[in-house]
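Undergrad: With the sequence up front, the predicted model follows.
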Amino acid sequence: MEFSYLNPTQIHFGKNQIQSIAQDIPREQKVLVIYGGGSIKNNGVYQQVSTALANHSWLEFSGVEANPTVETLDKAVTIVKEQNIQFILAVGGGSVIDGSKYVAAAALHSGTGWDILLGTHTVSQALPLGVVLTLPATGSESNAGSVITKAASNQKLFFSSPLVRPQFAVMDPDVMKSLPHKQLINGIVDAWVHVCEQYITRPTGALVQDGYAETLLKSLIIIANQYPDRDNDAWRANLMWTANQALNGLIGLGVPQDWATHMIGHELTALHGVDHGRSLAIIQPALLHNQIDVKREKLEQMGRNVFGLPHSADLAEKTIAQIEHFYHSLDVATTLDQYQGAKSQVVKTILEQLKAHDRLQLGENQAINLQRSQEILERAIT
Ligand code: NZQ
Ligand code: ZN
């Protein structure tokens, strides 16, 4: 176990915390408030942000899509450059936050912003960024990652830099009251898979990482079971905090990580418009079956410690069945059964994209090559 750890994001958690942004953003800095399609105009969040920024100089940029595109975000980059913006405030879910991270970095890069996603430019500076979170799911509010899509070529790529980790994140669970059912479910599934990607690998004896991962998984099971009675403060706070802790870096310290479900899932989103969380529920069970031999011990541990299953020769298989049951209990599909064209062509196109994006050795053992990805897709797509 070897790691260096620093997560400097200041978190303001709880009711009425949006007003704290007034203190956290230096008064003299010109702010660009970035948001999405307008949900914040209907649920009072925009009003709270405007009130808090009454004594700041600020502009706004709206229209960041779910699965944010570089085509849209580059318009914000132009505004930042032309208006000498010094601070970016992202108000939204993972898409708005990821998009704002891109803008913060691309605005200080003299070349094309997409270079950052291609890895041909390493972020060396970025504008400071703060977040008002409106959708618990990705953990983007206090991590260093960002996923951006190029619509022109259906590419959905990832970059990470400590320089774009938000300085602060406001997490007021009240903002979740306006979230559609579909987005709440997406958030539960995304957080669940984030934990799994850092936990269902191979045994390492890392007691803290394993123990905390198991606590987060058990919390998500309780949250899912309580879903019919979700209209209360405790439920919202628990989901918001669990989703944050699932991907703020802590449980992945010094342990092997998988992320193959995410890499293949991103192609499903880019090519077929499947919501991020739902793409993961489609890929993960097939991937776990495919990799069961190398993941058997951790699956057995999960079966015992998370689902409370008794020992049996097929404990790993039963654990995967429980994971599928978890998704089905939320009415989330574990196969892709609605798509355009023939299955063989759909699989082939995804494989071509994986190849184009150099996803030739995925997973904690780099063992998921294109052949394995094909097997996973054959199973996941009906
Ligand atoms: O556009 P607005 O009006 O904001 O509406 C959004 C959007 O339509 C809506 N919404 C958000 N908060 C709301 C609300 N509607 C009503 N009330 C509220 N309080 O929800 C819709 C989906 O929002 P989005 O931000 O796309 O969802 P999510 O937070 O699930 O983010 C998904 C994106 O994050 C990336 C995904 O790939 C995807 O692009 N990820 C980012 C990660 C990271 N940075 O660490 C890791 C994840 O694995 C993931 O890949
Ligand atoms: Zn995710």
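TA: Yep, it's here. Ligands and ions are numbered 1, 2, ... in the order given.

Undergrad: List the buried residues in stretch 111-131.
TA: Neighbour-count burial for stretch 111-131, with 16 or more other Cβ atoms under 10 Å as criterion, is recorded at 113-114, 116-117, 121, 123, 126-131. All C-beta atoms are positioned from the backbone trio N, CA, C, and that covers glycine.

Undergrad: These into TSV, with extra columns for secondary structure?
TA: TSV is the format used below for the buried residues of stretch 111-131 (DSSP: H, G, I helix; E, B strand; the rest coil):
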residue	secondary structure
G113	coil
W114	helix
I116	helix
L117	helix
H121	coil
V123	coil
A126	coil
L127	coil
P128	coil
L129	strand
G130	strand
V131	strand
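
Undergrad: Just name the closest of these to ligand 1, please.
TA: V131 (10.9 Å; Cβ to the nearest ligand atom).

Undergrad: From what I see, the closest one and D98 are in contact.
TA: No - counting by Cβ atoms under 8 Å, V131 does not reach D98; the two are 10.7 Å apart.

Undergrad: Overlap in contacts, the two.
TA: Common contact partners of V131 and D98 (Cβ atoms under 8 Å, 6 or more residues apart in numbering): S140.

Undergrad: Report the secondary structure element holding T242.
TA: helix 233-246 (DSSP states H and E).

Undergrad: dump the residue contacts of the most centrally placed residue in the chain.
TA: In the chain, the C-alpha nearest the mean C-alpha coordinate belongs to T138, at 2.9 Å (Cα atoms, centre = their mean). Residues near T138 by Cβ under 8 Å, 6+ apart: 93-94, 97-98, 190, 194, 243, 247, 276.

Undergrad: Of those, keep whichever come out buried.
TA: 93-94, 97-98, 190, 194, 243, 247, 276.

Undergrad: Show me the subset of these that also lies near ligand 1.
TA: 93-94, 98, 190, 247, 276 (Cβ under 6 Å from any ligand atom).

Undergrad: which bits of the stretch 151-300 of the chain sit near ligand 1?
TA: That would be 175-176, 178-179, 183, 186, 190, 247, 262, 276, which are the residues of the stretch 151-300 of the chain within reach of ligand 1 (Cβ under 6 Å from any ligand atom).

Undergrad: which of the residues you listed sit farthest apart?
TA: Greatest spacing in those, by Cβ to Cβ: S178 and H262 (27.2 Å).

Undergrad: Between those two, point out the one with more neighbours.
TA: Shown here are S178 and H262; by other Cβ atoms under 10 Å, H262 has more neighbours (20 against 15).

Undergrad: just how off-centre is the helix or strand harbouring the more buried one within its chain?
TA: Per DSSP H and E, H262 falls inside helix 260-272. Computed by Cα atoms, centre = their mean, to the nearest Å, the chain-centroid distance of helix 260-272 equals 12 Å.

Undergrad: can I get the CA coordinates of whatever helix or strand comes next after that helix in PDB?
TA: Sequence-wise, the next helix or strand downstream of helix 260-272 (DSSP H and E) is helix 276-290. What follows is helix 276-290, C-alpha atoms only, in PDB (Å, rounded to 0.1, in the frame of the first residue of the first chain):
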ATOM      1  CA  HIS A 276     -24.300   7.000 -17.500                       C
ATOM      2  CA  GLY A 277     -25.600   5.000 -14.500                       C
ATOM      3  CA  ARG A 278     -27.700   2.700 -16.600                       C
ATOM      4  CA  SER A 279     -24.800   1.900 -18.900                       C
ATOM      5  CA  LEU A 280     -23.000   0.600 -15.900                       C
ATOM      6  CA  ALA A 281     -25.800  -1.700 -14.800                       C
ATOM      7  CA  ILE A 282     -25.800  -3.100 -18.300                       C
ATOM      8  CA  ILE A 283     -22.100  -3.900 -18.400                       C
ATOM      9  CA  GLN A 284     -21.200  -4.800 -14.900                       C
ATOM     10  CA  PRO A 285     -23.000  -8.100 -14.300                       C
ATOM     11  CA  ALA A 286     -21.700  -9.400 -17.700                       C
ATOM     12  CA  LEU A 287     -18.200  -8.200 -16.800                       C
ATOM     13  CA  LEU A 288     -18.200  -9.800 -13.400                       C
ATOM     14  CA  HIS A 289     -19.300 -13.200 -14.900                       C
ATOM     15  CA  ASN A 290     -16.500 -12.800 -17.500                       C
END
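
Undergrad: about what we covered before: can you classify the residue nearest to the centre of the chain as helix, strand or coil?
TA: Taking three-state DSSP, the label given to T138 is coil.

Undergrad: hmm, back to that, who's in contact with the helix holding T242?
TA: With Cβ under 8 Å, 6+ apart, helix 233-246 has contacts from 11, 13-15, 133, 136-139, 141-142, 169, 171, 173-174, 176-177, 184, 187-188, 190-192, 194-195, 212, 216, 219-220, 222-223, 226, 229-230, 251.

Undergrad: taking those residues one by one, which sit in helices?
TA: Among the contacts of helix 233-246, the ones falling in helices (DSSP state H) are 184, 187-188, 190-192, 194-195, 212, 216, 219-220, 222-223.

Undergrad: Alright, I will stop here.
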